[in-house]
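Undergrad: sharing a model that was predicted from the sequence below.
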Amino acid sequence: MVSDTLNTSLNSNSGVYIYKFQIPFIGKGQQVNLFYNDFSIAYLINPKTNMRLESGYITRNAIYAGTKHNLTYFYISFITSLTNWYFDF
């Protein structure tokens, strides 16, 4: 579930919506205070392939141009890391 309180007006683009058109400008940009927090926990299923089941919670708070933008979401993932350790020469 994603909850987002971003300004979606035609004159605003904070970089969150990557397909929204934005006129490029030259300058220093806006000062942004950003807080990003990621908490995750994993259960190792197979140590040889680093196969694990992971879940986590991410929060992102950004304050810029006098407005506060919050984004929070929960995720579940299945991860493995397969590596080719042999040489063909």
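TA: Arrived safely.
Undergrad: packing partners for the helix or strand containing residue 44?
TA: Using DSSP states H and E, residue 44 sits within strand 33-46. Counting contacts by 3 or more Cβ pairs under 8 Å, 6 or more residues apart in numbering; DSSP states H and E, strand 33-46 packs against strand 51-64. Any C-beta I mention is one placed from the backbone N, CA and C, and that applies to glycine too.
Undergrad: now the strand holding residue 44: mean pLDDT?
TA: Averaging the model's pLDDT scores along strand 33-46 yields 94.
Undergrad: could you list the paired strands of it along with their orientation?
TA: Next to strand 33-46 in the sheet, as set by DSSP bridges, lie strand 51-64 (antiparallel).
Undergrad: tell me the buried residues in stretch 58-78?
TA: The neighbour-count check on stretch 58-78 (16 or more other Cβ atoms under 10 Å) flags 60, 62, 69, 71 as buried.
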